[in-house]
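> Return a 3D structure for these sequence lines:
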Amino acid sequence: MTVHIIGGGLAGLAAALKCSERGERVKIYESAPMLGGRCRTFFDPTLGCDIDNGTHVVMPANRAVMTYLGMIGARETLIAQPSDRIEMFDMLTERVIALRPSSVWNPFWLFMNDRRPPSVSAMDLIAGFMLAWANPRQTADTALQSSAAAKYQLWDPFCTAVLNARLGQADARLFGKSVASLLASWHGPPIPHFADETLAASFIRPAVRLLGSRNAEIALTAPVTGMKIANGRVSEISVNDMAQPVAAGDRVISTVPPWTPLIAPYLPESMRSWPVSAIVNVHYKVAHELPGQFKGVLGSSGQWILVRRGIVSVTASAAGRWLETSAEEIGTVWWPGVAAALGLPADAVPKFRVVKERRATLMHGPGIDAARASLPKIATNFAVAGDWIRPGLPCSLEAAVQSGFAAASASNA
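Sure, this is the predicted structure:
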């Protein structure tokens, strides 16, 4: 008996680890020449080093991610933000503002002036948490009863980073749940953690080694282009357009997104046409010695900065407006804001690489959670995973891992 896992991103690897842990035979089919999906790492000849396709941080509340890293022996490959402050550099005032949240065990931090940006009140913070009970048909901007300063300094950049949507676009209740889970953690102060080296070094290579020790098979450049369903079960999959039987007792887990030809025909039209949101990343190679850090930028094109081992990675979420802009223009235009935030000279733009993800995540607009909860059952031996299917969570590493674990359990039922 074999579990066929379609897609070698984080959801597929999480499913493979759970299935192989039970002693099941696992085979992963990945259409790309490398594993990782949105956690992939590749060598860039311009910068002369490995870079990640994008920036991902892990919070203490991301328990499934922490479990995944524990399974593969890679928890120690993450490093914590060096302070308990989430800093944001405001281009308009040229000042650094900071949020210092504590855990759910110390709710009094909300009322401490030194833990909030100067223009953000305790009631502004409470308003964000209250969105967890908002009308799911409202946008976060409409439902959020906070000051304009709090929206500018805190809620809009946080919403854009977590939901890949601006306040005026985002599902109010989903954003509120994200605020509550990330900023009121039961697992200690919400301090961002990030991979010390690369995403592949933390999330992918250790998983591959463990799967190899369990005799899992991994097929790269092996797209699954179709499947045949007979008598309510998947009986055949097509790999590189070549038919491959799915034996009795075999199971199939798909981690591909809803718009792909493999599963789109089996989904309602509303799911196939879900709007998506883009992310654009720029990786600069700097000569200056900078400590590892994660920082926001207000009033700039690039919204969040991750500094690590001589690479400054800058992310813009909800970045559709940049998709048709040339890489040269993006890297040049973004640099002054990055330089100001890090105290670097703005006149000489360092070497950079631009990575555009046109379909990075779903657009987390109003009503998205209710729609995701209605995913149909496609076949008795078929389960679906992926960051896009988890109600109550934005598309994220946490959602991907949770979905992979759940699909592995479902395929074993």
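
> Check for me that residue 252 belongs to a strand.
Yes. Applying DSSP: H, G, I helix; E, B strand; the rest coil, one finds residue 252 inside a strand.

> So what pairs up with it in the strands?
residue 4, residue 382 (DSSP bridges).

> show me the contacts for it.
3-6, 227, 234, 237, 246, 379, 381-383, 411 (Cβ atoms under 8 Å, 6 or more residues apart in numbering). Just so you know, the C-beta spots here come from the backbone N, C-alpha and C atoms, and that holds for glycine as well.

> Which residue, other than its chain neighbours, is closest to residue 244?
Leaving aside its sequence neighbours, residue 244 sits nearest to residue 237 (Cβ to Cβ, 6 or more residues apart in numbering; 5.4 Å).

> Next, count neighbours for that neighbour.
Counted with other Cβ atoms under 10 Å, the neighbours of residue 237 add up to 22.

> Direction included, what does the helix or strand where it lies pair against?
Secondary structure from DSSP states H and E places residue 237 in strand 233-239. Applying DSSP bridges to the sheet, strand 233-239 is found paired with strand 224-230 (antiparallel), strand 242-245 (antiparallel).

> What residues sit buried inside it?
By neighbour count with 16 or more other Cβ atoms under 10 Å, strand 233-239 contains the buried residues 233, 234, 235, 237, 239.

> Format these as TSV; extra columns: pLDDT and distance to residue 332.
As requested, the buried residues of strand 233-239 are exported to TSV (pLDDT from 0 to 100; distance: Cβ to Cβ, whole Å):
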residue	pLDDT	distance to residue 332
233	96	54
234	97	49
235	97	54
237	97	46
239	96	43
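
> Turn those residues into TSV, columns for distance to residue 10.
Shown next, in TSV, are the buried residues of strand 233-239 (distance: Cβ to Cβ, whole Å):
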residue	distance to residue 10
233	27
234	23
235	28
237	21
239	21
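
> What is the nearest of these to residue 102?
residue 234 (48.3 Å; Cβ to Cβ).

> buried ones in stretch 164-175?
164, 165, 166, 167, 169, 170, 171, 172, 173, 174, 175.

> Which of the residues you listed fall in strands?
Applying DSSP state E to those, no entry is found in strands.

> Please verify my assumption that residue 66 contacts residue 59.
No. Contact criterion Cβ atoms under 8 Å: residue 66 and residue 59 do not qualify, at 9.6 Å.

> check contacts around the residue nearest to residue 394 when sequence neighbours are not counted.
Nearest non-adjacent residue to residue 394, counting by Cβ to Cβ, 6+ apart: residue 163, 4.8 Å away. Contact analysis of residue 163 by Cβ under 8 Å, 6+ apart lists 170, 171, 174, 175, 178, 364, 394.

> Reformat those as JSON lines; add pLDDT.
Shown next, in JSON lines, are the contacts of residue 163 (pLDDT from 0 to 100):
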{"residue": "170", "pLDDT": "97"}
{"residue": "171", "pLDDT": "96"}
{"residue": "174", "pLDDT": "95"}
{"residue": "175", "pLDDT": "96"}
{"residue": "178", "pLDDT": "93"}
{"residue": "364", "pLDDT": "95"}
{"residue": "394", "pLDDT": "95"}
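
> Let's see which of these end up in helices.
Of the contacts of residue 163, the ones assigned to helices by DSSP state H are 174, 175, 178.

> Look up how far residue 183 lies from the second one.
Distance of residue 175 to residue 183, computed by Cβ to Cβ, to the nearest Å: 12 Å.

> re the thing from before, so which of the contacts of residue 163 comes closest to residue 150?
residue 175 (13.7 Å).

> excluding its backbone neighbours, what's nearest that closest one?
residue 140 (4.4 Å).

> Am I right that that neighbour is in contact with residue 170?
Yes. Look at residue 140 against residue 170 with Cβ under 8 Å: they come within range, at 4.4 Å.

> For the protein, give me the ranges with low pLDDT.
The chain contains residues with pLDDT under 70 at 411-413.

> ok, back up a step: which neighbours do residue 140 and residue 170 share?
residue 159.

> so who does the residue of the chain positioned farthest from its centre touch?
Using Cα atoms, centre = their mean, the residue of the chain lying farthest from its centre is residue 231. It sits 36.6 Å away. The neighbourhood of residue 231, defined by Cβ under 8 Å, 6+ apart, contains no residues.

> gap between it and residue 380?
9 Å.

> For the stretch 51-200 of the chain, which segments count as strands?
78-80, 86-90, 95-99, 193-195 (DSSP state E, counting those that start in this stretch).

> any chance of those in TSV, with mean neighbour count too?
Shown next, in TSV, are the strands of the stretch 51-200 of the chain (neighbours: other Cβ atoms under 10 Å):
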stretch	mean neighbour count
strand 78-80	16
strand 86-90	21
strand 95-99	17
strand 193-195	23
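
> now the ones you listed as a markdown table including distance to residue 300?
Formatted as a markdown table, the strands of the stretch 51-200 of the chain follow (distance: least, Cβ to Cβ, whole Å):
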| stretch | distance to residue 300 |
| --- | --- |
| strand 78-80 | 25 |
| strand 86-90 | 8 |
| strand 95-99 | 13 |
| strand 193-195 | 20 |
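
> and the strand or helix carrying residue 11, what other elements does it pack with?
In this structure, residue 11 sits in helix 10-21 according to DSSP H and E. Other helices and strands packing on helix 10-21, by 3 or more Cβ pairs under 8 Å, 6 or more residues apart in numbering; DSSP states H and E, are strand 2-6, strand 25-29, helix 63-71, helix 205-213, helix 397-411.

> Could you single out the most deeply buried of those?
Across the helices and strands packed on helix 10-21, averaging neighbours per residue (mean count of other Cβ atoms under 10 Å) puts strand 2-6 on top, at a mean of 26.
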